[in-house]
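J.: sharing a model prediction with you, sequence too.
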Amino acid sequence: MQLIQPQNAILQRDKKTYAIVPRIPCGLLERNHLKAIADAVEKYDIPIVKLTSGQRIALVGLKEEDLQEIYEDLGMEPGRATELCLHYVQACPGTEVCKFGVRDSLGFGRRIEKLLAEQELPAKLKIGVSGCQFCCAENFVRDIGLLGKKHGWTLSFGGHSGNRARVGDILTTDLSDDEAILLINKCVEFYRTNARKKERASRFIERIGLEEFKKTVC
């Protein structure tokens, strides 16, 4: 277990306590994690437990001196919530359990997270993987979006759900898993090389233009 420093936590409004978001790939919790979280909430008298929009669990109101011990008790890696990197891969149930799913969004989402989890990026990156056209993982408003259809993945880039919201641009369709991974790698590499610091994918694609981006990565 790596040493947890305060920068792996989020200082709260009171300027005294912190919040942490343990890493939960694609929102999938193991049984032992649920028990560990419940035990930690009781042991450290954690006042707020919040489900986040990124399919994670935020533990809020922690003392700085407890951060390391809490992570040791949880047995979970920190979910990076403030650094310039991949923040999360959001995925719907897909073919694992959903009757509407046409592609394995959970399995593919976990593959993407393993690919990008440790990479440093110009800004935070959020990814949505939807297993059908209902878009339950909000793929079109994520920096990179995957939409599952019968014949493969539709990949979009440059979505944003915050201030100055933006629908991501579709780069191509009908990609196999391996083809989608290859294109994601190209998109991320071009973005890392050419984006300004803290420039989200949405603002990056607006600045350089979609055709210039597609000319390089597609």
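T.: Cool, the structure landed. Numbering: from 1, shown residues only.
J.: residues near the nearest residue to Ala91 once chain neighbours are set aside, how many?
T.: Leaving aside its sequence neighbours, Ala91 sits nearest to Gly109 (C-beta to C-beta, 6 or more residues apart in numbering; 3.4 Å). Any C-beta I mention is one placed from the backbone N, CA and C, and that applies to glycine too. Applying other C-beta atoms under 10 Å, we find 28 residues neighbouring Gly109.
J.: gap between Gly109 and Gly27?
T.: Relative to Gly27, Gly109 is positioned 9 Å away (C-beta to C-beta, to the nearest Å).
J.: likewise Ala36?
T.: Counting by C-beta to C-beta, the gap between Ala36 and Gly27 amounts to 17 Å.
J.: residues touching the nearest residue to Pro122 once chain neighbours are set aside, list them.
T.: Nearest residue to Pro122, sequence neighbours excluded (C-beta to C-beta, 6+ apart): Ala195, at 3.9 Å. When contacts are counted by C-beta atoms under 8 Å, 6 or more residues apart in numbering, Ala195 touches Pro122, Ala123, Ala201, Phe204.
J.: what about the second one, which helix or strand?
T.: Meaning Ala123. Using DSSP states H and E, Ala123 maps to neither a helix nor a strand.
J.: would you confirm that it contacts Glu83?
T.: No. The criterion here is C-beta atoms under 8 Å, and Ala123 misses it with Glu83 at 10.0 Å.
J.: who has more neighbours out of these two?
T.: Ranked by neighbour count (other C-beta under 10 Å), Ala123 and Glu83 place Ala123 first, with 20 against 14.
J.: how close does the more buried one get to Gly152?
T.: In this view, Ala123 and Gly152 are 28 Å apart by C-beta to C-beta.
J.: likewise for Lys16?
T.: 50 Å.
J.: so which of the two has more stuff around it?
T.: Set Lys16 next to Gly152 and count neighbours by other C-beta under 10 Å: Gly152 wins out with 19 against 10.
J.: next up, the contacts around the closest residue to that one other than its chain neighbours.
T.: Among residues not flanking Gly152 along the chain, Asp174 sits closest, at 4.0 Å (C-beta to C-beta, 6+ apart). For Asp174, the contact set (C-beta under 8 Å, 6+ apart) comprises Lys149, His151, Gly152, Trp153, Thr154.
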